[in-house]
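**Q** Curious how this folds, go ahead:
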Amino acid sequence: MKVIDRTVAPPLREIENITLPKVDRLQLSNGIPVWSISAGTQDVIKIELLFDAGRWQEPQRAVAATASKMLLEGTKAKTSQQISEAIEFYGASFHNDAAIDYATVSLFTLTKHLPSLLPLLHEMITEASFPENELDITVQNSKQRLMVNLQKVDFLAHKEFNERLYGRSHPNGYTTAAEDYDTINSELLRSFHHTTYLEGQCKIILAGKISEQTLKLVDEFFGNELRAHSNGTNKSVMMQADLQKKFFVEKKDAVQSAIRIGRFMVNKQHPDFPKLRVLNTILGGYFGSRLMQNLREEKGFCYGIHSAISSYLHDANFFISTEVGKEVTAAAVEEIYHEVNRLRNEPVPEEELHLVKNYLLGVMLADANGPFNVAEIIRGLIVYGQDESHFNQTIGQIRNVTSEELMALASTYLHPDSMIEVVAGSK
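**A** All right, here's what the predicted structure looks like:
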């Protein structure tokens, strides 16, 4: 038997090709667009419906998130317990979420159970009743979670950062407060549900073992009431960024400080975004990043630190986030800016750039593995009005970006004077 020398790392291999499986574009009888990804070896399926029912569409704070949660809490004919029992009986899984730009309703199930579960999914979406007793429980749970979060310095820093960057009236800027839930009632939720879920734009993504019978079933249940076109509920909100750049949020007796530093950024629709993704990864986008090497490995200031670009349909922001001991807060902030300035003033060594490119391509390769993962990619594309060609273009831009381009991007987008700095903790 051949003995493997575990002290020798296996050779690295270049990722030569990343290919998405075929994505079919269809339309239901009512014009609702469907993206169908028939792939995989297991008899499982996911159906995801996207609605214009996020924060940008809600008439007042907390409505979108509460309406999304309440879809599982009762219909005109079923109680929340009956819905839960039906889901458990078939071993299925339902997921609801309301994000900034949209809301989703998803069903995961064995293919053979789809005929039994599609009627339930249809009923949950079209006949949601928003019962007052379940709403009271949902509101109480939401308030309790908020109270717990307000004791965490990282939550406080995140909250302050968004408010200062966007303004407290912007959908991206505000954090729902306990009193926001006090004006939520069933009638308000039913009105929002009718406007956004029933009368708003709907898109559908199917992934897994998909047959002609599957498509017929989906058309049977969702090809009538729902709409293919937007109801125009997207609002226009002015950003009201604070002119001040440095903020401190006091949390008495906190032993750690949460740091959040960042600024506005271009979103996924901008041609610079793929290269900025490489730049961000080098700075703080993976475990081997410069921020991790400096603040965690060398200085021992924190357990972890990361940077990211949060992209939304209307805008985006870049941020660096960590928690450190309060006695090293100032030193940690200084080191963060040091790493930012290195990217602005020094070319990234070719060996490091090569490593990060391979890492990102590996992530994209994993993302393209399996129909459910591909469905996530497709959702990310269609929200921004893009198609699979954009995915392929992104791969090419990541492969070909140079150190000189990255330094120019850092000089343009990562100037410290453009950053908002928030620290939450005790003095």
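**Q** what about the helices in this protein?
**A** Taking DSSP state H, the helices of the chain run over residues 63-70, 80-89, 114-126, 132-149, 153-166, 186-193, 212-222, 273-280, 290-291, 329-345, 350-367, 371-383, 388-400, 403-413.
**Q** Adding distance to Asn30 and mean neighbour count, write the ones you listed out as CSV.
**A** C-beta: built from backbone N, CA, C; applies to glycine. Shown next, in CSV, are these (distance: least, C-beta to C-beta, whole Å; neighbours: other C-beta atoms under 10 Å):
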stretch, distance to Asn30, mean neighbour count
helix 63-70, 22, 24
helix 80-89, 25, 14
helix 114-126, 13, 19
helix 132-149, 30, 14
helix 153-166, 36, 22
helix 186-193, 18, 18
helix 212-222, 8, 17
helix 273-280, 34, 22
helix 290-291, 49, 24
helix 329-345, 50, 17
helix 350-367, 31, 15
helix 371-383, 18, 19
helix 388-400, 25, 15
helix 403-413, 43, 16
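**Q** who wins for proximity to Val44 among those?
**A** Among the helices of the chain, the nearest to Val44 by C-beta to C-beta is helix 371-383 (8.3 Å).
**Q** Give me the contact list for the closest one.
**A** With contact meaning C-beta atoms under 8 Å, 6 or more residues apart in numbering, helix 371-383 is reached by 20-21, 23, 35, 37-40, 46, 48, 50, 101-102, 104, 203, 205-208, 268, 313, 366-368, 387-388, 390-391.
**Q** ditto for stretch 146-153
**A** Contact with stretch 146-153 is made by 155-156, 176-178, 249, 251, 254, 256-258, 323, 424-425, as judged by C-beta under 8 Å, 6+ apart.
**Q** do that again at 7 Å, thanks
**A** Phe155, Leu156, Thr176, Ala178, Lys251, Ala254, Gln256, Ser257, Ala258, Glu323, Ala424, Gly425 (C-beta atoms under 7 Å, 6 or more residues apart in numbering).
**Q** shouldn't the fourth one be in contact with Ser142?
**A** Pointing back at Ala178 there. No: Ala178 is not in contact with Ser142 according to C-beta atoms under 7 Å; the separation is 8.6 Å.
**Q** Settle this for me: Tyr286 is touching Leu360, isn't it.
**A** No: counting by C-beta under 7 Å, Tyr286 sits too far from Leu360 to count as a contact (8.5 Å).
**Q** for Thr176, phi and psi?
**A** Backbone dihedrals for Thr176, given as degrees, to the nearest 10, come out at phi -60, psi 130.
**Q** Run a quick neighbour tally on the residue nearest to it when sequence neighbours are not counted.
**A** Distances taken as C-beta to C-beta, 6 or more residues apart in numbering put Ala62 closest to Thr176, at 4.8 Å, once the chain neighbours are dropped. Here the number of neighbours of Ala62 (other C-beta atoms under 10 Å) works out to 24.
**Q** Kindly report the same for Thr7.
**A** 5.
**Q** Over to Ser307?
**A** 26.
**Q** right, and it touches Gly285 too?
**A** Yes: assessed by C-beta under 7 Å, Ser307 is found in contact with Gly285 at 6.1 Å.
**Q** Please tell me how far Tyr102 sits from Phe221.
**A** For Tyr102, the distance to Phe221 equals 21 Å [C-beta to C-beta, to the nearest Å].
**Q** related to what we said a few turns ago, most surrounded residue in the contacts of stretch 146-153?
**A** Neighbour counts for those peak at Ser257, which has 28 neighbours (criterion: other C-beta under 10 Å).
**Q** For it, which non-adjacent residue is closest in space?
**A** Gly425 (3.3 Å).
**Q** How is the protein divided into domains?
**A** 24-222, 246-425 (automatic domain parsing).
**Q** circling back: so can I have CSV of the helices of the chain showing mean pLDDT and distance to Val3?
**A** Formatted as CSV, those follow (pLDDT from 0 to 100; distance: least, C-beta to C-beta, whole Å):
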stretch, mean pLDDT, distance to Val3
helix 63-70, 96, 56
helix 80-89, 94, 50
helix 114-126, 95, 50
helix 132-149, 95, 53
helix 153-166, 96, 47
helix 186-193, 96, 64
helix 212-222, 94, 50
helix 273-280, 97, 39
helix 290-291, 98, 38
helix 329-345, 97, 43
helix 350-367, 94, 28
helix 371-383, 94, 36
helix 388-400, 93, 37
helix 403-413, 97, 41
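**Q** Would you format these as a markdown table with distance to Glu298 included?
**A** Formatted as a markdown table, these follow (distance: least, C-beta to C-beta, whole Å):
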| stretch | distance to Glu298 |
| --- | --- |
| helix 63-70 | 41 |
| helix 80-89 | 49 |
| helix 114-126 | 51 |
| helix 132-149 | 31 |
| helix 153-166 | 22 |
| helix 186-193 | 50 |
| helix 212-222 | 54 |
| helix 273-280 | 20 |
| helix 290-291 | 10 |
| helix 329-345 | 9 |
| helix 350-367 | 16 |
| helix 371-383 | 35 |
| helix 388-400 | 28 |
| helix 403-413 | 21 |
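**Q** So for Cys302, which of the ones you listed sits nearest?
**A** helix 329-345 (7.0 Å).
**Q** The contacts of stretch 146-153 in strands, which ones?
**A** Gln256, Ser257, Ala258, Glu323, Ala424, Gly425 (DSSP state E).
**Q** Surely the third one is in contact with Asp154?
**A** Yes: using C-beta under 7 Å, Ala258 is in contact with Asp154, at 4.3 Å.
**Q** for Ala128, which residues make a bridge with it?
**A** Thr75 (DSSP bridges).
**Q** Could you check how far it is from Thr195?
**A** For Ala128 relative to Thr195 (C-beta to C-beta), the value is 13 Å.
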